[in-house]
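S.K.: predicted structure and sequence below. I'll ask about it afterward.
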Amino acid sequence: MTIIAAKDLVIPLARAGGRANWLYLPALLVAAVMGLPLLYLGVRALSAGPAIWTWLGRVQTLHLLLRSLGLALAVTFSAIMLAVPLAWLVTRSDLMGRRFWAMVLPLPLVIPSYVGAYLYVSLLSPHGVIPSLLSTWLPLAKWPSIYGFGGAWWVLTLMTYPYVYMSVRAVLSMSDRALEEAARSLGYSPWAVFWRVTLPLLRPALTSGGLLVALYVLRDFGAVSMLRYTTFTRAIYLHYQSSFDRSTAALLALVLVLVTVILLAVQQRLDRLKVAVVAHTPRPSPPVRLGKWQVPALVLVLIVVGLALAVPVGGLIYWLVRGVRVGETLGSLAVPLLNSALAAGLAALVTVVAALPLAILAVRQAGRLSRALVGWSHLGFAVPGVVIALALVFFGANFTPALYQTLTLLIVAYMILFLPQALGVLQAALRLVRRNLEEAAASLGHSPGQVFWRVTLPLITPGLTSAAGLVCLTTLKELPATLLLAPPGFPTLATRVWGAVSEAFFARAAWPALILVGLSSLSMLWFHHNPYTRNEPTS
């Protein structure tokens, strides 16, 4: 085993035959596109009068900020508390059926948050299915409400814990266990080994996964709207609904961007402390025997899978069957299905291509400019989709009318929204490419471009496919940007689901929602079956 400090993995391309300064041009172009929403917000904010600026200092604005941050922190903490033990169980223990559970546990990501929210509302609201059934056998004085903070925290935790789980599971699958075995040979208990050896190695995965969860919660619109919990995103949408209050909404969005900058700064400070452990050839090790903890561990996995996956999917099937019985016509969904697949595929291609130069600069030419470009790229994921959509509508209608109401503008919105996801996966893949392979190719007379195409690109192909799969998955579920930017006559599965849910036609929404979940599952399985997450413990 070789222990390599993270700074040793970040090498200039000069050692591989030349520098990659030419990559700054496409990286700056991508950064310029990412900055369009912020430019739009700035224009709106500057057009606001003095009274609007004083509005930001009101108690109500601080209360809204605390509500949004409180939900983000609560969901992030609970997602980490769920993800770490689940990832450890499927990678390091002899959990019964661990290979199956390793494939199933990330699947809640295929369920859009607004679909999960409306299903839990239909099942658990005071007049929902479950209280109605229980009231026939049990006298229920008052059924607890699912609306508000509790419901939003519950649903968003179940929908987002896979972001942390997949990051932690990838690290546990690839890292060599010699350090843990050495600690055990010194007499440390399994719990002490986890806290002193394993957990420090997971810090990069926890910070990156936790950041994705926090940003997801801060920009979520569908779940908080369904569960009637007002955060920044819901308040921004309500202000945008009124054509007379867009400046106020822009100011709220700028506050949300400021919060994102603070979160990114905290993550970068934590990243300076991380150390990467890379093994030349990870050797198989026997899994940890759970013994008497086998049944409790299995119960934990079953509860999480049941609440996060079985209940939503079962709810969709229930509403579908109920709708068919009362004469609800399913209708053809061929066009929305093809439109969703086309948009997701194009978004994945464009986003991965746009993220690649940023990832190369961040890993191979780390510096102030590259770090600034990477940090800047994360802002798009924090700005609500409705703001990004309206910013592109503004620029499209005023400066590029040829692109207005076209699929191109929708793909650009997806790229702005989901580039951080692709960037994180590509950076992880590039860090695993050993410097001696690139240097050997350079020593044979290959140019930097030839080194990349013949050596680096084949080695990071699994990372490219994983990034594309993750972007496809999230694109299929995106709602606000799709609602506002989809070309006329371009229905998608997401817009069909929201159209039915917003009118409380749960049975009508079940059929497109089930297809959306099935299509998203294909992207999830694509992401799962790659060398970065396929390693399993030896029996």
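M.R.: Looks like it came in fine.

S.K.: and the strands in the protein?
M.R.: Secondary structure of the chain (DSSP state E): strands located at 2-4, 276-278.

S.K.: out of the ones you listed, which gets the lowest mean score?
M.R.: Ranked by mean pLDDT, these bottom out at strand 2-4, which scores a mean of 37.

S.K.: how near is residue 517 to residue 108?
M.R.: Distance, residue 517 to residue 108, using C-beta to C-beta, to the nearest Å: 10 Å. Any C-beta I mention is one placed from the backbone N, CA and C, and that applies to glycine too.

S.K.: er, residue 506 I mean
M.R.: Note on residue 506: its distance to residue 108, by C-beta to C-beta, is 20 Å.

S.K.: same deal with residue 404?
M.R.: Distance of residue 404 to residue 108, given as C-beta to C-beta: 36 Å.

S.K.: of the two, who's got more company?
M.R.: The residue with more neighbours, out of residue 404 and residue 108, is residue 108; 23 against 17, by other C-beta atoms under 10 Å.

S.K.: gap between the closest residue to residue 35 other than its chain neighbours and residue 253?
M.R.: Leaving aside its sequence neighbours, residue 35 sits nearest to residue 376 (C-beta to C-beta, 6 or more residues apart in numbering; 7.2 Å). From residue 376 over to residue 253 the distance is 16 Å, taken as C-beta to C-beta.

S.K.: more neighbours: the two, which one.
M.R.: Applying other C-beta under 10 Å to residue 376 and residue 253 shows that residue 253 carries more neighbours, namely 31 against 19.

S.K.: does that one touch residue 388 like I think?
M.R.: No - contact criterion C-beta atoms under 8 Å: residue 253 and residue 388 do not qualify, at 9.6 Å.

S.K.: any low-confidence regions in the stretch 201-350 of the chain?
M.R.: 240-246, 268, 270-285, 328-331 (pLDDT under 70).

S.K.: check the stretch 51-200 of the chain too.
M.R.: 51-53, 55-57, 135, 138-141, 175-181, 183-185, 187-190.

S.K.: how about the helices in it?
M.R.: Taking DSSP state H, counting those that start in this stretch, the helices of the stretch 51-200 of the chain run over residues 59-92, 98-104, 113-124, 129-134, 149-174, 178-185, 190-193, 199-201.

S.K.: save these as CSV, and put in mean neighbour count too.
M.R.: CSV is the format used below for these (neighbours: other C-beta atoms under 10 Å):
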stretch, mean neighbour count
helix 59-92, 19
helix 98-104, 17
helix 113-124, 25
helix 129-134, 14
helix 149-174, 24
helix 178-185, 15
helix 190-193, 14
helix 199-201, 15
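
S.K.: how about these in CSV, adding distance to residue 219?
M.R.: Formatted as CSV, the helices of the stretch 51-200 of the chain follow (distance: least, C-beta to C-beta, whole Å):
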stretch, distance to residue 219
helix 59-92, 10
helix 98-104, 27
helix 113-124, 11
helix 129-134, 30
helix 149-174, 11
helix 178-185, 37
helix 190-193, 37
helix 199-201, 29
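
S.K.: tell me which of those helices sits nearest to residue 484.
M.R.: helix 113-124 (15.3 Å; C-beta to C-beta).

S.K.: quick one: the closest one to helix 149-174, angle?
M.R.: Relative orientation of helix 113-124 versus helix 149-174 (axes from the mean of the first three to the mean of the last three C-alpha atoms, to 10 degrees): 130 degrees.

S.K.: now do the helices in the stretch 251-400 of the chain.
M.R.: With DSSP H, counting those that start in this stretch as the criterion, the stretch 251-400 of the chain has helices at 294-305, 311-325, 334-364, 368-377, 379-382, 385-398.

S.K.: about what we covered before: so what's the residue nearest to residue 35 up against?
M.R.: By C-beta atoms under 8 Å, 6 or more residues apart in numbering, residue 376 lies in contact with 31, 34, 35.

S.K.: go with 10 Å
M.R.: 27, 30, 31, 32, 34, 35, 38, 261, 264, 358 (C-beta atoms under 10 Å, 6 or more residues apart in numbering).

S.K.: report pLDDT for the third one.
M.R.: At residue 31 the predicted local confidence, pLDDT, stands at 86.

S.K.: one more: the first one?
M.R.: pLDDT recorded at residue 27 is 87.

S.K.: burial count for residue 460?
M.R.: Neighbour count of residue 460, defined by other C-beta under 10 Å: 24.

S.K.: so it makes contact with residue 364?
M.R.: No - Residue 460 is beyond contact range of residue 364, at 11.8 Å (criterion: C-beta atoms under 10 Å).

S.K.: and the closest residue to residue 225 other than its chain neighbours, how close does it get to residue 75?
M.R.: Of all residues not flanking residue 225 in the chain, residue 234 sits nearest, at 5.6 Å (C-beta to C-beta, 6+ apart). As defined by C-beta to C-beta, residue 234 lies at a distance of 15 Å from residue 75.
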